[in-house]
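Novice: need a 3D model of the following:
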Amino acid sequence: KAQNMLPLSLLRAGKDNPMLVELKNGETYNGILVNCDVWMNLSLRDVVCTSRDGDKFWKIPECYIRGNNIKYLRVPDEVIDKVQDEPVRKDNRDRFGGGRGGRGGRGGA
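Specialist: The predicted structure is shown next:
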């Protein structure tokens, strides 16, 4: 069932939970997820940042991580269990008014 999970639904369910975020540059951020958006940008609080070598640590009250820098996310099992209980939407077409073209219809005037 886990393969049906969408990353954003997992992140939204992970709000106010601890999370480990590894960036493409090797740094890791351990903190509490405050917020996320559709681009997977994250706000964390009570953060411990670790250098890519693992030899330096910083404690910072809050940070913002841009989604395109994220390589890996680790969330608690309880969050994964919470998301598995939610139904997975199969098709988003009806949300945006049809398949291709966005607004429905067949073009023309």
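
Novice: the closest residue to G67 other than its chain neighbours: what secondary structure?
Specialist: Closest residue to G67 apart from its sequence neighbours, by CB to CB, 6 or more residues apart in numbering: M40 at 3.1 Å. For every residue, glycine as well, the C-beta is placed using N, CA and C. When classified by DSSP: H, G, I helix; E, B strand; the rest coil, M40 comes out as coil.

Novice: give me the phi and psi angles of M40.
Specialist: Dihedral pair for M40: phi 70, psi 20, per degrees, to the nearest 10.

Novice: L10 now?
Specialist: The phi/psi pair for L10 (degrees, to the nearest 10) is phi -70, psi -40.

Novice: which residues are in contact with it?
Specialist: Residues in contact with L10 (CB atoms under 8 Å, 6 or more residues apart in numbering) are V75, V79, I80, V83.

Novice: export those residues as a markdown table, with columns for secondary structure and neighbour count.
Specialist: Converted to a markdown table, those look like this (DSSP: H, G, I helix; E, B strand; the rest coil; neighbours: other CB atoms under 10 Å):
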| residue | secondary structure | neighbour count |
| --- | --- | --- |
| V75 | coil | 19 |
| V79 | helix | 20 |
| I80 | helix | 15 |
| V83 | helix | 20 |
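
Novice: which of these lies closest to R66?
Specialist: For the contacts of L10, the residue nearest R66 by CB to CB is V75; the value is 18.7 Å.

Novice: per-residue pLDDT, the closest one?
Specialist: In this model, V75 is scored at 90, pLDDT.

Novice: what's the burial count for the residue nearest to it when sequence neighbours are not counted?
Specialist: Spatially, and ignoring its direct neighbours in sequence, V75 is nearest to G14 (4.9 Å; CB to CB, 6+ apart). By the criterion of other CB atoms under 10 Å, G14 has 22 neighbours.

Novice: list the contacts of G14.
Specialist: Taking CB under 8 Å, 6+ apart, we find G14 in contact with L33, C36, V75, P76, V79.

Novice: re the thing from before, I'd say the residue nearest to G67 and R12 touch.
Specialist: No. At 11.0 Å, M40 does not count as touching R12 under the criterion of CB atoms under 8 Å.
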